[in-house]
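A.B. asks: Let's see this in three dimensions:
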Amino acid sequence: MQQRTLGDRTVSAIGLGGMPMSIEGRPDAARSIATIHAALDAGVTLIDTADAYHRDAGEVGHNEELIARALREYGDTSEVIVATKGGHLRPGDGSWTQNGDPTYLKEAAKASAKRLGVEAIGLYQFHRPDPKVPYADSIGALVELLDEGVIVRAGISNANVDQIDQAHEILSGRLVSVQNQFSPRFRSSLGELEHCAQRGIAFLPWSPLGGIARSGDLAANHEAFARVAADHDVSVYQVTLAWELALAPVVIPIPGASRPESIRDSAGAADLVLTADEIATLSQA
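C.D. replies: Next up is the predicted model:
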């Protein structure tokens, strides 16, 4: 599978988003583990999660624990990087809240490391800015986590260009990733994607297929993507991910999956080559 750079490491160009395995409508554990194993078999070496990926109150870290179990049962996963996040919370009623307090973030990271069964988290990302806490203070927690060896690499999520630059400066150039929403339907993060490309920072589109509720509408709502998919005799999902990969060499989409066949199909996008005309058509669609 095509590779991309994540700080000092190379990872697969397509990652696996674990969120659908732990929130509303989640499958049973056996199918989730089979999905993670299918991703590993396909060459995926980046798995995305967060302590907030859970459904009910009292099960914080459900997805982290699920991924840790799947990795233990698989065998050699020394090449796999698990990226998790902190600072975004789900009380268990379907809502989302923020907590960017530095003390909280440091404790959350240590709890995530324990659930993942690792001495140091491969990539830890500040999940979402907290309007009640200065952004610099939250990023300062990442600096301390790096210096203390709790995390190996630091990233941010749901950030704008100014926040990317601020985090990059506070981290003394050690910012390795930005995880923002980006898809054919949601392109408002294109500026952040291009900024990351200029800085050499990995850009991880979340919901790269439009989100759990909307991914099934890709072909119907985006005729150009469906047409290119038909020309290549592949799924519209593969075309979408291949288009995102073609936008910049720093892009690493992390499509969510809850079935083995879904992640196998998504992984195929890493080897799908689109023409310059196709890329331009999809970018203008």
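A.B. asks: show me where the stretch 101-250 of the chain has helices.
C.D. replies: Along the stretch 101-250 of the chain, the segments classed as helices by DSSP state H, counting those that start in this stretch run 102-116, 135-148, 161-170, 190-199, 218-221, 223-232, 236-247.
A.B. asks: Would you mark the buried spots in the first one?
C.D. replies: To tie it back to what came earlier, the one meant is helix 102-116. Applying a neighbour-count criterion of 16 or more other Cβ atoms under 10 Å, one finds 102, 104-106, 108-110, 112-113, 115-116 buried in helix 102-116. From N, CA and C alone the C-beta is placed, and that goes for glycine too.
A.B. asks: ok, which stretches of the stretch 1-150 of the chain are strands?
C.D. replies: Under the criterion DSSP state E, counting those that start in this stretch, the stretch 1-150 of the chain contains strands at 3-6, 9-12, 16-17, 46-48, 81-86, 88-89, 97-98, 123-126.
A.B. asks: what packs against the helix-or-strand element of the chain with minimal mean pLDDT?
C.D. replies: Ranked by mean pLDDT, DSSP states H and E, the weakest helix or strand in the chain is helix 218-221, scoring a mean of 80. Contacts defined by 3 or more Cβ pairs under 8 Å, 6 or more residues apart in numbering; DSSP states H and E place helix 218-221 against helix 223-232, helix 236-247.
A.B. asks: Figure out which of those helices is closest to His62.
C.D. replies: Smallest distance to His62 across these (Cβ to Cβ): 25.4 Å, for helix 236-247.
A.B. asks: what's the angle from the closest one to helix 190-199?
C.D. replies: 50 degrees (axes from the mean of the first three to the mean of the last three Cα atoms, to 10 degrees).
A.B. asks: residues in contact with the closest residue to Ser258 other than its chain neighbours?
C.D. replies: Among residues not flanking Ser258 along the chain, Pro20 sits closest, at 4.2 Å (Cβ to Cβ, 6 or more residues apart in numbering). By Cβ atoms under 8 Å, 6 or more residues apart in numbering, the contact set of Pro20 is 26, 212, 256-258.
A.B. asks: CSV please, covering the residues you listed and showing neighbour count and distance to Gly15.
C.D. replies: Formatted as CSV, these follow (neighbours: other Cβ atoms under 10 Å; distance: Cβ to Cβ, whole Å):
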residue, neighbour count, distance to Gly15
Arg26, 19, 19
Ile212, 16, 16
Gly256, 24, 10
Ala257, 26, 10
Ser258, 20, 15
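A.B. asks: quick one: least confident of those residues?
C.D. replies: Ranked by pLDDT, these bottom out at Ile212, which has 73.
A.B. asks: Around Ile252, how many other residues sit close by?
C.D. replies: Using other Cβ atoms under 10 Å, Ile252 has 27 neighbouring residues.
A.B. asks: likewise Asn180?
C.D. replies: Using other Cβ under 10 Å, the number of residues around Asn180 comes to 23.
A.B. asks: With Asp137 instead?
C.D. replies: Around Asp137 there are 15 residues (other Cβ under 10 Å).
A.B. asks: got a list of what the closest residue to it other than its chain neighbours touches?
C.D. replies: Distances taken as Cβ to Cβ, 6+ apart put Pro102 closest to Asp137, at 5.4 Å, once the chain neighbours are dropped. If you count contacts by Cβ under 8 Å, 6+ apart, Pro102 has them with 133, 137-138, 140-141, 144.
A.B. asks: same thing but 10 Å
C.D. replies: Counting by Cβ atoms under 10 Å, 6 or more residues apart in numbering, Pro102 makes contact with 133-134, 136-145.
A.B. asks: Can you flag the buried ones in those?
C.D. replies: Neighbour counting with 16+ other Cβ under 10 Å marks 133, 138-143, 145 as buried within the contacts of Pro102.
A.B. asks: Thanks a lot, see you next time.
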